[in-house]
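1. Structural data only, the sequence is not supplied:
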């Protein structure tokens, strides 16, 4: 079974530029999560999708971050404009259903550096 | 007060030692308790999860949950250098919808 795929793996941009990350979850997984992991901290949920609907985006900085999951499969996360404090690893995870949040499978992450 | 507290370490042990990793939490709504392992520059990998209180064993790993104390533990027996990683505790509510992660504990197992 293929795991969660993410691209790119690394990205370096200047502040005020925009960037987009892509995620393809495990086949059949209805729930998709985007997390931000700052160095030395645990993952922090940015947004959670159930199929193509948003379940929780309470911690998403909506003035600069946006995400979509068209057709309930893959997803993109965008930052525009980026700030220095956005430097982090962006992790995508998926689970079979929203009620299976205790069994999430993570991708390798995208390491973003904002200079 | 954070919902989940985890000592960041680092924790350094000799090969073969028994390792104890711990987390405390404040939200009594948490019913699922998970442990993830994260190697450097990799995504977290689920080791095991436990529902409610009690123990669960998987090979060299044992997870314990004490809901009365709001305290969870992961024990690693016969630790190996390949166990060197960051261990994240995580917790979900009854429906499994809301998940919170601890900050992670860095573990080094010396050969």
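-> Here it is on my side, so go on. All values reported here derive from a predicted model rather than from experimental measurement. Numbers count the residues shown, from 1 in each chain, chains lettered A, B, ... in the order given.

2. Could I get the pLDDT score of the spatially most central residue of chain A?
-> Geometric centre of chain A, nearest residue: residue A:34, 2.8 Å, by Cα atoms, centre = their mean. Note on residue A:34: pLDDT of 98.

3. what's the answer for residue A:1, then?
-> 67.

4. likewise residue A:4?
-> 97.

5. Skipping adjacent residues, who's closest to it in space?
-> Using Cβ to Cβ, 6 or more residues apart in numbering or on different chains and skipping residues adjacent in sequence, the residue nearest residue A:4 is residue A:107, 3.6 Å away. All C-beta atoms are positioned from the backbone trio N, CA, C, and that covers glycine.

6. From what I see, the residue nearest to the centre of chain A and residue A:46 are in contact.
-> Yes: Residue A:34 sits in contact with residue A:46 when judged by Cβ atoms under 8 Å, with a separation of 4.5 Å.

7. For chain B, what lies in contact range of chain A?
-> Proximity of chain B to chain A is confined to B:4, B:6, B:8, B:32, B:34, B:36, B:41-46, B:49, B:51, B:88, B:90, B:92, B:95-99, B:101-104 under the rule Cβ under 8 Å from any Cβ of the partner chain.

8. Just those: which are in strands?
-> Members of those lying in strands (criterion: DSSP state E): B:4, B:6, B:32, B:34, B:36, B:45-46, B:49, B:51, B:88, B:90, B:92, B:99, B:101.

9. Just the buried ones from those residues, in PyMOL syntax?
-> Here is the PyMOL selection string for the buried members of these, based on 16 or more other Cβ atoms under 10 Å in any protein chain shown:
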select buried, chain B and resi 4+6+32+34+36+46+49+88+90+92+99+101
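
10. Dump the ones in strands among the residues of chain B next to chain A to JSON lines, plus distance to residue A:6.
-> Putting these into JSON lines (distance: Cβ to Cβ, whole Å) gives the following:
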{"residue": "B:4", "distance to residue A:6": "25"}
{"residue": "B:6", "distance to residue A:6": "25"}
{"residue": "B:32", "distance to residue A:6": "25"}
{"residue": "B:34", "distance to residue A:6": "21"}
{"residue": "B:36", "distance to residue A:6": "17"}
{"residue": "B:45", "distance to residue A:6": "15"}
{"residue": "B:46", "distance to residue A:6": "17"}
{"residue": "B:49", "distance to residue A:6": "23"}
{"residue": "B:51", "distance to residue A:6": "29"}
{"residue": "B:88", "distance to residue A:6": "18"}
{"residue": "B:90", "distance to residue A:6": "19"}
{"residue": "B:92", "distance to residue A:6": "23"}
{"residue": "B:99", "distance to residue A:6": "19"}
{"residue": "B:101", "distance to residue A:6": "18"}
